[in-house]
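Peer 1: What would the 3D arrangement of this be:
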Amino acid sequence: MSDSASSPTFPLPTSLAEVRERIDVIDSELVRLLARRQGLVRAAAAFKSDDQAVRAPDRVARVIASVRERAVDAGLEPAVAEAVWRAMIDAFIEVELAQHAAQR
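Peer 2: Numbers count the residues shown, from 1 in each chain. So this is what the prediction gives:
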């Protein structure tokens, strides 16, 4: 496992202000990535036949299992990764359900 906060390419911050600045940069990157993901979620709605296909519990289970594995490899607590992904997936399911309903 690697800790990107203290790896050779990411030396430890020397102040709380620097920690917060780095977190803000990461948050900005996350927002951009989430916006891209939302676009794909909206597009996926066109390919699904009903609300059950949108909810796709088997797909959610596979995604969560995969994320937990990747989290370990990245040095992220698997429980944190799972909690974040479940919240994100739940929110995007609502977006996709609305998109799916609008396309009917």
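Peer 1: Over to V25. Which of the three states is it?
Peer 2: Taking DSSP: H, G, I helix; E, B strand; the rest coil as the rule, one finds V25 in the helix state.
Peer 1: quick one, helices of the protein?
Peer 2: 16-44, 51-55, 57-74, 78-103 (DSSP state H).
Peer 1: Show me what the last one is packed against.
Peer 2: In terms of contacts (3 or more Cβ pairs under 8 Å, 6 or more residues apart in numbering; DSSP states H and E), helix 78-103 is packed against helix 16-44, helix 51-55, helix 57-74. Using the backbone N, CA and C atoms, a C-beta is placed for each residue, glycine as well.
Peer 1: before we move on, what about the third one?
Peer 2: The elements that helix 57-74 packs onto, with contact taken as 3+ Cβ pairs under 8 Å, 6+ apart, are helix 78-103.
Peer 1: Likewise for the second one?
Peer 2: Counting contacts by 3+ Cβ pairs under 8 Å, 6+ apart, helix 51-55 packs against helix 78-103.
Peer 1: Cool, thanks, talk later.
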